[in-house]
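Visitor: next comes the sequence, and after it the predicted model I'd like to discuss.
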Amino acid sequence: MDARPVTMHPRLQRALLGRRMPRLDDSSSAPSGAIANALRIARGHLAARRYADAIAPLKQAALLAPNDASMLHELGVACLFAQRLPEAVGWLRRSIELEPTVARVHFELGLALAQAGNEDGALAALRTATALDPALAEAHGQAADILRRKNRLDEAAYSYERAFDASPAGAYGLLCRAKALVARGHGSEAEACLKEVIALAPSGRSDEGWRVEAELVLADLLVEAGRFGEAGAAFERSIELAPWQATAHLGLVTSKKMTEGDRPIVERIVQRLEGSDLTPRQRMMLHFAAGKALDDLREYGAAMGHFDAANRTRQTIAPFDRSAFARSIDGLIARFTRDFFAENAALGSDDETPVFVLGMPRSGTTLIERVLSGHPHVGGGGERSFWNQNAPAWVGASTERLPARANELRGNYLRLLRGIAPDALRVTDKMPFNFLWVGLVHALLPRARIVHCRRNPVDTCLSIYSTYFAEHWGFTSDRGDLAAYYRQYLRLTDHWRAVLPADRMIDVDYEEAIASPEETARRLIAFCGLEWDPACLSPDRNVDAVRTASRWQARQPIYRTSIERWRNYEPWLGELRGLLPQ
């Protein structure tokens, strides 16, 4: 999963501050001198990047001209820069109520909502902006960034391409073209394009901000390809250009095993955390980076302190409702029974292409997929969001409606898989959360194989708790929520095991895969109906790109150090202790 947050590059700040000056509504009776004086003071603060100081005079001007949409717009942008995000959203929405057709205001509302963690709302605002002004390249690009974090890669690529169409001659448009190539899996072309962006935007130029982003995208691409030394150099160049951003710090420490020689990197991250200019998301990422580095250095208490701090922020971005989730599991269990499958057998097809690799996040799904995709007749599909996007609307729909859409839904999914590996007999989909949609999947694709990955529950939950994910799922940030979610996951997977045919679902324990790799690999390949191939014994040599949080680990030979990792954190387990075997 991609780990890039919404950032505000200096060039984007300059572009926002360079908008047209607010004009007074013709009906205003406010003294124009008082407004002009307030604006003069506010703009002085904005020019000096004292964003919080600009808010009071802008509020004074807005009180004098409450129906001036442009004035409210200016105030909303100042609040956005000052990271007073709820206020920014409120003022920008009031501006839109008065003038609903100004694309730039919808764009800035999208930025504010994204930084506040409301990515669905941000996406809607950005799409409104591009509908009003298709030439607004940065709105297309920011929408694409959100879609990529959500793993909706085809949609992300399309939006990046629209950004390039809107700005084909500049560094930003070229950067978006490179991102589109990344999303479509054209790594070599993307690398060449990124290097062109870097050459176009040397240090000191006005478009240097896009060079920072290009270095980050290039570093991510190099990590996915297993070129960790080159990736580290790209992360360092990005930090040198823009030490205020957090993404490169996190990327650097998660692309290597930290050693005593890396102490300066840890000190740099901790020092950056002392800054008062960090957004909540940047602070969260830096805490995750510090925690990971200190975990590598075996300073577990200090590491847990940073993980706790990171998760306090993450919890505010995406809270979790345990009762609502339990009710959703109740509904899935009640709906997808043996009787349901028998009564709806006509919905299915005989296609055997899909192999679902699922389970909790951090349960070994990446390792198992790489074992499988090492086989010459298996294509590695990575994490696909197809069922997360499409299944929720259908798991509760009336049974009578499903047959009319079954062929379309199944056909779209199979076309997706065959587009990844046209000649493969099997194609994997390792989205962990597909464990939620097994019932619908089996109804439509009864010949699909389901590989359920299991790992020690406390190791699984601690790994989730200590990992930054681009998409926030709510349950990841509190030990009690993690334990509650895990128990519901167990309840649902127990149900699938009981109602599916025995030859459709196999359980694979991470610990057994590490202890007996050949036995596990042979069992998996046989389950997929394929002949054995020894390439499956070397997942670290698999050339497929790795786009998950396990990007560094997936390139290493099979190792045992992640087994019973929870013992390092035993004093801090809290509610997770209840998941230990009794």
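Guide: Noted; the coordinates are in hand. Numbers count the residues shown, from 1 in each chain.
Visitor: so who does the closest residue to Arg314 other than its chain neighbours touch?
Guide: Closest residue to Arg314 apart from its sequence neighbours, by CB to CB, 6 or more residues apart in numbering: Ser477 at 4.3 Å. In short, each C-beta sits where N, CA and C put it, glycine included. Neighbouring residues of Ser477 by CB atoms under 8 Å, 6 or more residues apart in numbering: 311-312, 314-315, 318, 320, 465.
Visitor: redo that, cut-off 7 Å
Guide: Contact analysis of Ser477 by CB atoms under 7 Å, 6 or more residues apart in numbering lists 311, 314-315.
Visitor: pLDDT score for it?
Guide: Listed pLDDT for Ser477 reads 95.
Visitor: thinking again about what came up before, filter the contacts of Ser477 down to the buried ones.
Guide: 311, 314-315 (16 or more other CB atoms under 10 Å).
Visitor: mind checking which residue lies nearest the centre of the chain?
Guide: Ala470 (2.6 Å; CA atoms, centre = their mean).
Visitor: where does that residue land in three-state SS?
Guide: coil (DSSP: H, G, I helix; E, B strand; the rest coil).
Visitor: number of nearby residues for the closest residue to Leu462 other than its chain neighbours?
Guide: Nearest residue to Leu462 in three dimensions, chain neighbours excluded: Trp566, at 5.3 Å (CB to CB, 6+ apart). Around Trp566 there are 21 other residues, counting by other CB atoms under 10 Å.
Visitor: sec struct for the closest residue to Arg298 other than its chain neighbours, please.
Guide: Spatial nearest neighbour of Arg298, chain neighbours left out: Asn568 (7.6 Å); criterion: CB to CB, 6+ apart. Following three-state DSSP, the label given to Asn568 is helix.
Visitor: and the pLDDT for Asn568?
Guide: 96.
Visitor: next: the one 3 residues further on.
Guide: Pro571 is assigned a predicted lDDT (pLDDT) of 97.
Visitor: likewise Arg20?
Guide: 42.
Visitor: which element follows the host helix or strand of Leu492 toward the C-terminus?
Guide: Element membership of Leu492 [criterion: DSSP states H and E] is helix 479-499. The helix or strand immediately downstream of helix 479-499 is strand 505-509, counting by DSSP H and E.
Visitor: partners of that following strand in the sheet?
Guide: strand 449-454 (parallel) (DSSP bridges).
Visitor: who touches the partner strand?
Guide: With CB under 7 Å, 6+ apart as the criterion, strand 449-454 contacts 355-359, 363-365, 368, 438, 493, 504-510, 524, 527-528.
Visitor: and the nearest residue to Pro539 once chain neighbours are set aside, how many neighbours?
Guide: Excluding the flanking residues, the one nearest Pro539 by CB to CB, 6+ apart is Arg370, at 3.7 Å. One way to gauge burial is a neighbour count; for Arg370, by other CB under 10 Å, it gives 24.
Visitor: do Phe469 as well
Guide: 18.
Visitor: how close does Val508 sit to Asp459?
Guide: Distance of Val508 to Asp459, computed by CB to CB, to the nearest Å: 15 Å.
Visitor: also Arg487?
Guide: From Arg487 over to Asp459 (counting by CB to CB), the distance is 16 Å.
Visitor: of the two, who's got more company?
Guide: Asp459 (23 against 16).
Visitor: surely Ala163 and His140 touch.
Guide: Yes: counting by CB atoms under 7 Å, His140 is a contact partner of Ala163 at 3.7 Å.
Visitor: who's in contact with Met285?
Guide: 5, 246-247, 250, 468.
Visitor: got the contact list for the closest residue to it other than its chain neighbours?
Guide: The shortest distance from Met285 to any non-neighbouring residue, by CB to CB, 6+ apart, is to Ala246 (4.1 Å). Contact partners of Ala246, counting by CB under 7 Å, 6+ apart, are 282, 285-286.
Visitor: which one of these is nearest Leu147?
Guide: When those are compared for distance to Leu147 (CB to CB), Met285 comes out closest, at 19.9 Å.
Visitor: convert the helix or strand where the closest one lies to CSV, retaining C-alpha atoms only.
Guide: For Met285, the host element (DSSP H and E) is helix 280-296. The C-alpha coordinates for helix 280-296 follow below in CSV (Å, rounded to 0.1, in the frame of the first residue of the first chain):
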residue,chain,number,x,y,z
PRO,A,280,-1.1,15.8,12.2
ARG,A,281,-0.4,13.3,9.4
GLN,A,282,3.3,14.4,9.2
ARG,A,283,3.7,14.0,12.9
MET,A,284,2.1,10.6,12.8
MET,A,285,4.4,9.4,10.0
LEU,A,286,7.5,10.7,11.9
HIS,A,287,6.5,8.8,15.0
PHE,A,288,6.0,5.6,13.0
ALA,A,289,9.5,6.2,11.5
ALA,A,290,11.1,6.7,14.9
GLY,A,291,9.3,3.7,16.3
LYS,A,292,10.5,1.5,13.5
ALA,A,293,14.1,2.7,13.7
LEU,A,294,14.2,2.1,17.5
ASP,A,295,12.6,-1.3,17.1
ASP,A,296,15.4,-2.2,14.8
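Visitor: helices or strands up against the helix or strand following that helix?
Guide: Using DSSP H and E, the next helix or strand after helix 280-296 towards the C-terminus is helix 300-317. Packing partners of helix 300-317 (3 or more CB pairs under 7 Å, 6 or more residues apart in numbering; DSSP states H and E): helix 280-296.
Visitor: quick check: which ranges of the chain have low pLDDT?
Guide: Low-confidence segments of the chain, defined by pLDDT under 70: 1-31, 201-208, 540-561.
Visitor: apply 50 and report the result again.
Guide: 1-30, 204-206, 552, 554-556 (pLDDT under 50).
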